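> Predicted model follows, preceded by the sequence.
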Amino acid sequence: MHNYKLTIQYDGTNYSGWQIQNNVPTIQQEITEALEKILQEKINLIGSGRTDAGVHALGQTANFKVEQKLDLYRIKHALNSMLSNSISISEMNEVDEKFHARFDAKKRSYIYLMNKQKSPFYFNYSYFLPRFDELNFSLLKKLSNELVGEYDFTSFARKQTEVENKICNVHNIHWKSNAERVIFYIEANRFLHGMVRTIIGTLLFAARKEKDNKYITAVLEAKDREAAAEAVPGKGLYLFKVRY
């Protein structure tokens with residue numbers, strides 16, 4: 001049995017997320033259907049994790065297994081020819097038969113893009129935040145540091161999150177800001193459904209209201225989604241990289 005790993009980029013604007021769902025377009029479904037047409041067999045495409053509706057990816061990974069030995073260049077070219085312009089296979093590699101895109105992932109990282117100025121070119125790919133410079137940037141970074149470490153992130157996950165274990169280990173959070181835009185970066189061993197967007201919304205709210213570190217601690221300890229602030233829109237979020 002041969003095991004193949006895909007590295008995928010996609011514009012999630014017109015998709016209902018990564019995971020296959022009934023009667024809505026998803027990234028996983030489109031890639032699976034293209035593979036099945038090319039290979040003429042059923043394919044189980046395993047992603048490193050889900051992304052929500054409207055969320056993008058620069059480095060999503062997935063794997064699938066087939067009996068036949070594939071010509072990597074030919075299959076990658078055929079896939080990119082069949083997929084819509086919103087999806088691209090940037091890399092295709094044969095990996096160990098035991099490799100699992102989800103369970104073998106050690107770290108995942110996301111970036112979130114915010115624009116300080118209105119731009120039609122960034123409308124579907126960033127969150128318009130015109131008054132960002134009014135925030136205390138030093139406070140924002142200080143508050144963010146309170147989330148680095150291993151914690152129960154129940155307060156930052158959607159209430160209907162399926163997993164019982166809400167413990168995540170956040171390795172790194174940082175912000176970069178220039179005259180036009182802001183980039184938020186976060187890296188962790190795993191993420192819960194809606195977690196990154198709720199973290200960003202809560203940090204922005206806390207900085208705007210000039211909350212202290214105790215506020216972030218209280219939100220974590222509450223283990224209640226109602227304790228956190230409103231999540232930012234999905235359109236500015238990108239799955240950046242999956243590390244194995």
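Here it is on my side, so go on.

> Tell me where this protein has helices.
Listed in chain order, the helices of the chain (DSSP state H) span 27-39, 72-82, 137-145, 195-208, 213-222.

> Distance from the chain centre to the shortest one, please.
In terms of CA atoms, centre = their mean, to the nearest Å, the centre of helix 137-145 is found 22 Å from the chain centre.

> so where's the chain uncertain?
161-162 (pLDDT under 70).

> Tell me which residues of stretch 213-220 come out buried.
By neighbour count on 16 or more other CB atoms under 10 Å, the buried set for stretch 213-220 is 215-216, 219-220. C-beta coordinates here come from the backbone N, C-alpha and C atoms, glycine included.

> Kindly apply the preceding question to stretch 67-77 instead.
Result for stretch 67-77 [16+ other CB under 10 Å]: buried residues 75-76.

> still on that earlier bit, out of the helices of the chain, flag the one nearest Glu91.
helix 72-82 (7.9 Å; CB to CB).

> Need the contact partners of the closest one.
When contacts are defined by CB atoms under 8 Å, 6 or more residues apart in numbering, helix 72-82 is touched by residues 4, 31, 34-35, 37-39, 88-89, 91-94.

> Out of these, grab the one that's most surrounded.
Ile31 (25 neighbours; other CB atoms under 10 Å).

> Please name the bridge partners of the residue positioned nearest the centre of the chain.
Taking CA atoms, centre = their mean, the centroid of the chain lies closest to Leu239, which sits 3.4 Å from it. Counting by DSSP bridges, Leu239 is bridged to Ala57, Tyr110.

> That one contacts His56, correct?
Yes. If you go by CB atoms under 8 Å, Leu239 and His56 touch, sitting 7.4 Å apart.

> all strands for the protein, in order.
Ranges of strands within the chain are 2-10, 46-47, 56-66, 87-95, 107-115, 127-128, 149-152, 167-177, 181-188, 237-243, based on DSSP state E.

> Including distance to Leu72, could these go into JSON lines?
Output for these, formatted as JSON lines (distance: least, CB to CB, whole Å):
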{"stretch": "strand 2-10", "distance to Leu72": "8"}
{"stretch": "strand 46-47", "distance to Leu72": "18"}
{"stretch": "strand 56-66", "distance to Leu72": "12"}
{"stretch": "strand 87-95", "distance to Leu72": "5"}
{"stretch": "strand 107-115", "distance to Leu72": "25"}
{"stretch": "strand 127-128", "distance to Leu72": "37"}
{"stretch": "strand 149-152", "distance to Leu72": "38"}
{"stretch": "strand 167-177", "distance to Leu72": "32"}
{"stretch": "strand 181-188", "distance to Leu72": "29"}
{"stretch": "strand 237-243", "distance to Leu72": "19"}
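
> Break this structure down into its domains, please.
2-95, 107-243 (automatic domain parsing).

> and Ala101, which of these is closest to it?
Across those, closest to Ala101 is domain 2-95 (CB to CB), at 4.4 Å.

> What is the distance between that closest one and the centre of its chain?
Offset of domain 2-95 from its chain centre (CA atoms, centre = their mean): 16 Å.

> for stretch 199-212, same thing?
The chain centre lies 21 Å from the centre of stretch 199-212; the measure is CA atoms, centre = their mean.

> which residues are in contact with it?
112, 129, 135-137, 139-140, 143-144, 147, 156, 184, 186, 215-216, 219, 228-232.

> one more time with 7 Å
Outside stretch 199-212, the residues that touch it by CB atoms under 7 Å, 6 or more residues apart in numbering are 112, 135-136, 139-140, 143-144, 147, 156, 184, 186, 215-216, 219, 228-232.

> of these, buried ones?
Among the contacts of stretch 199-212, those classed as buried by neighbour count (16+ other CB under 10 Å) are 112, 135, 139-140, 143-144, 147, 156, 184, 186, 215-216, 219, 228-229, 231-232.
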